[in-house]
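**Student:** Predicted structure and sequence below. I'll ask about it afterward.
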Amino acid sequence: MRSTFVNSTALDTAISAVGLRKSFGDHTVLNGIDLRVPAGTVFALLGPNGAGKTTTVQILSTLIPADGGRITVAGHDLDGDADGVRGVIGVTGQFSAVDDLLTGAENLRLMADLHHLDRAEGRRRVAELLETFDLTEAGNRAPTTYSGGMRRRLDLAMTLVGNPRVIFLDEPTTGLDPRSRRTMWQVIRDLAAGGTTIFLTTQYLEEADQLSDRIAVLDGGRIVAEGTAAELKQLVPGGHIRLQFADPADLDRAAAVLASSARDDEALALEVASDGSVHSLRTVLGRLDDHAIDVDKLTLHSPDLDDVFLNLTDRPATEVSR
């Protein structure tokens with residue numbers, strides 16, 4: 001058995017996976033991926049359905065074994081100290097773990113008992129979570145009477161009973177309406193602000209853009225790109241500066257100066273390719289200023305994560321997932 005010694009350097013990294021591999025029969029799902037998630041951050045794993053996002057979460061949270069690789073979570077080696085890993089994590093999957101035969105408060109009290117909280121501490125924790133997730137009034141009702149957003153909030157509250165240091169959220173807002181989804185986003189932001197590490201998989205690219213400190217894109221069993229949302233957007237083409245002119249003569253002159261631009265005569269506009277950097281913008285404006293050409297309006301257009309996804313992955317996001 002490997003040592004379960006935990007040191008402070010290890011705790012700077014909440015999740016580490018090196019050479020993670022997993023196959024189901026002849027189908028390789030994870031082909032030696034490396035991940036590093038700093039403590040207290042939100043890390044999003046994106047990829048087409050079937051790319052292995054849920055499999056990754058299941059391995060990191062000890063639900064299924066890996067075929068190879070070295071994994072540590074909150075300083076605990078998964079091979080040698082799986083119980084230690086389970087003691088510091090929480091998991092909210094795609095499907096609710098709520099028991100419909102119990103009330104919301106009873107679901108939370110059951111989790112408190114499973115975490116061996118004494119009676120007084122358990123009651124305090126349940127009341128605190130019901131208030132935090134705006135479920136106090138609904139606490140004595142069965143979850144069958146809850147909206148989809150309320151059920152997801154209760155599900156996440158149950159995950160938090162044991163004060164986990166690392167939380168795995170596998171597509172936590174699937175099926176929620178836009179208002180409920182944004183409520184969950186704020187809950188996730190608040191958890192991260194409090195120092196909890198969040199490992200998030202999602203099919204909503206806007207969600208990853210809004211919440212994540214770093215994003216990894218998984219495809220073909222490998223991590224094909226990783227970085228901040230801004231860094232990933234710079235990997236794909238499509239960024240441009242749109243220049244609009246009040247005078248058709250200025251449009252003609254600008255088109256001559258910026259010969260590679262795309263012209264829109266009806267809107268008196270030019271579109272100039274740009275990587276989104278300040279340097280690129282300054283270069284374009286400097287060239288126009290050198291020729292005393294006046295710009296009436298300017299807008300910047302950058303690739304979004306949809307563009308990143310489509311450029312970096314081979315499969316559409318509508319395929320059946322594992």
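**Tutor:** Thanks, I have it. What you are looking at is a predicted structure, and each value in this text was computed from that prediction instead of being measured. Numbering: from 1, shown residues only.
**Student:** does the most centrally placed residue in the chain have beta-bridge partners, and which?
**Tutor:** By CA atoms, centre = their mean, the chain has its centre lying nearest to Ala44, at 2.9 Å. On the basis of DSSP bridges, Ala44 is bridged to Leu200, Ile215.
**Student:** quick one: it from Thr313, how far?
**Tutor:** 14 Å (CB to CB, to the nearest Å). For every residue, glycine as well, the C-beta is placed using N, CA and C.
**Student:** Equivalent analysis for Val161, please.
**Tutor:** Distance, Val161 to Thr313, by CB to CB: 36 Å.
**Student:** just Leu169 next, same as before
**Tutor:** Remark: distance between Leu169 and Thr313 (CB to CB) = 21 Å.
**Student:** neighbour-wise, which of those two wins?
**Tutor:** Leu169 (26 against 19; other CB atoms under 10 Å).
**Student:** Assign the residue sitting furthest away from the middle of the chain to helix, strand or coil.
**Tutor:** Here the centre of the chain is the reference, and by CA atoms, centre = their mean the most remote residue is Ala249, at 47.3 Å. Assigned by DSSP: H, G, I helix; E, B strand; the rest coil, the conformation of Ala249 is helix.
**Student:** And Ser96, by the same measure?
**Tutor:** Of the three states, Ser96 takes coil according to three-state DSSP.
**Student:** burial count for the closest residue to it other than its chain neighbours?
**Tutor:** In space, and not counting its chain neighbours, Ser96 is closest to Asp155: 4.9 Å by CB to CB, 6 or more residues apart in numbering. When neighbours are defined as other CB under 10 Å, Asp155 has 20 of them.
**Student:** next one: the one 10 residues further on
**Tutor:** For Arg165, the tally of surrounding residues (other CB under 10 Å) stands at 19.
**Student:** for the protein, what helix or strand is lowest in average pLDDT?
**Tutor:** helix 8-11 (a mean of 45; mean pLDDT, DSSP states H and E).
**Student:** Can you identify the element that follows it toward the C-terminus?
**Tutor:** Downstream of helix 8-11, the next assigned helix or strand under DSSP states H and E is strand 13-24.
**Student:** what does the helix or strand following that next one rub up against?
**Tutor:** Downstream of strand 13-24, the next assigned helix or strand under DSSP H and E is strand 27-38. Applying CB atoms under 8 Å, 6 or more residues apart in numbering, the contact partners of strand 27-38 are 12-23, 43, 45, 52, 55-56, 59, 66, 68-69, 197, 199, 213-214, 216, 218, 220-223, 322.
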